[in-house]
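Visitor: Just to be clear, the model below is a prediction. Sequence and coordinates:
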Amino acid sequence: MQRIQHCVEQCWQILESVSDPEIPVLSVIDLGMIRGVELNAANEILVRLTPTYSGCPATDLLKQQIQQALNEQGFEPVQVLLDLSEAWTTDWMSEQGKQKLQAYGIAPPQGQAEHCGTHVALSDGVACPHCKSSDTRLLSEFSSTACKALYQCWSCLEPFDYFKCI
């Protein structure tokens, strides 16, 4: 039993190195996309992956990267299972992931998803990741991706993305 627990813990550590293709500063762990890791009776590593949305075009790439990262560390066989039993939410993001987003220049989601209706999530006042001012305004509800909105800070005048609360 202890060997199984150690194996699973090692897998979680390895998965911290698998970056999101869209925001490479974040790992699949930071985003909360890994919903479980287990070793089954056939000594197969099972990884449950919930993409940030069900139609994510990077899902196959992520599955390959997860399998490759574990294989390179000697974990075989590995099976990555899509887990769509619950929709991904920004509530699953780690605090470390949110800090990485801010350091990268993207304002992290504010609040819990259940309280982040469109009106609240996209209202002005999102803190600028560059100067921390709340004197900001929404420029567009969509930015480089549907999960981000485009803002501009009135204090430092920099435009920035806000990772919407979903």
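Guide: Arrived safely.

Visitor: CA only for contacts and neighbour counts going forward, please
Guide: OK.

Visitor: Read off the pLDDT value for the one residue sitting closest to the centre of the chain.
Guide: Residue closest to the average C-alpha location in the chain (Cα atoms, centre = their mean): residue 31, at 2.2 Å. pLDDT, residue 31: 97.

Visitor: Name the helix or strand of this structure that has the lowest mean pLDDT.
Guide: helix 118-121 (a mean of 47; mean pLDDT, DSSP states H and E).

Visitor: Wait, a helix at the residue nearest to the centre of the chain?
Guide: No: the assignment for residue 31 by DSSP: H, G, I helix; E, B strand; the rest coil gives coil, which leaves it out of any helix.

Visitor: Go ahead and confirm it touches residue 92.
Guide: Yes: the criterion here is Cα atoms under 8 Å, and residue 31 meets it with residue 92 at 6.5 Å.

Visitor: which residue ranges form the helices in the protein?
Guide: Counting by DSSP state H, one finds helices in the chain at the ranges 2-15, 59-72, 95-104, 118-121.

Visitor: contacts for the first one?
Guide: Defining contact as Cα atoms under 8 Å, 6 or more residues apart in numbering, one finds that helix 2-15 is touched by 27, 28, 29, 37, 38, 39, 66, 69, 70, 73.
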